[in-house]
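Participant: Show me how the following folds:
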Amino acid sequence: MITTSTQKEQSVNYSDATRKRAERALSCSPFLLPLFAAMRNESIPLPMMTGQSGVDKGYTKTPLAELWTERHLLWLIKVGLLRREVDGQGITDSFRLTPLGRQLVAKWENLGGNFPKPSFWDSIINSINRWLSLSF
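Facilitator: Model prediction:
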C-alpha cells in the first residue's frame with residue numbers, strides 16, 4: 001500500500017530576541033519592502049539593487065553604491081534574514097530570503113506594506129550590534 005502525504009511548508013519558531021533583532025535590522029536598512037517581496041520568489045543580483053536601478057525598481061529610496069549595498073546585505077545575512085545564492089562555481093552576487101525573512105516580510109505585507117520607521121534607540125542598538133559583529 002502506497003500512501004501520499006500533503007507536504008506543508010513548516011514554520012520555524014524563532015526566539016523573541018532573534019525576531020526583534022531581525023525586525024530592527026530590517027527597519028534600519030536602506031531597503032524597501034518590494035525588494036524583499038521579490039527575494040521571496042527569486043534571487044536578486046546585487047547590481048539590480050544599486051544605483052538608479054535600485055530606485056527605479058522600488059528597492060531603495062535613494063541610489064546606493066555597490067559596496068554600501070553589499071555591507072547592508074551582509075548584515076542582514078548575519079541576523080538571519082537573507083542568504084547568498086551559490087552556484088556550481090561558488091558564491092554568486094545574488095540574494096534570497098531565509099525562512100525568518102519570509103515570516104517578517106509576510107507580517108509587514110499584512111500590516112500595510114511598509115516597514116516601521118525605526119526609533120532613535122533602535123537605530124543606535126542596530127548600529128552597535130553591527131559594529132560589534134565586525135569587531136570579532
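Participant: Just give me the neighbour total for L32.
Facilitator: By the criterion of other C-beta atoms under 10 Å, L32 has 18 neighbours. To be clear about C-beta, it is placed using only N, CA and C from the backbone, and glycine gets the same treatment.
Participant: Surely it is in contact with K61?
Facilitator: Yes - using C-beta atoms under 8 Å, L32 is in contact with K61, at 6.7 Å.
Participant: between these two, what contacts are shared?
Facilitator: Common contacts of L32 and K61 (C-beta atoms under 8 Å, 6 or more residues apart in numbering): none found.
Participant: For V105, what is the enclosing helix or strand?
Facilitator: Using DSSP states H and E, V105 sits within helix 99-110.
Participant: how about the helices in this structure?
Facilitator: Listed in chain order, the helices of the chain (DSSP state H) span residues 16-28, 33-41, 46-49, 51-56, 66-78, 99-110, 120-135.
Participant: what's the distance between G101 and W131?
Facilitator: 23 Å (C-beta to C-beta, to the nearest Å).
Participant: Pick out whichever of those two has more residues nearby.
Facilitator: For G101 versus W131, the count of surrounding residues by other C-beta under 10 Å is larger for G101: 23 against 9.
Participant: where's the residue lying closest to the more buried one once chain neighbours are set aside relative to R24, distance?
Facilitator: Using C-beta to C-beta, 6 or more residues apart in numbering and skipping the chain neighbours, the partner closest in space to G101 is L81 (4.0 Å). Plainly put, L81 is 11 Å away from R24 if you go by C-beta to C-beta.
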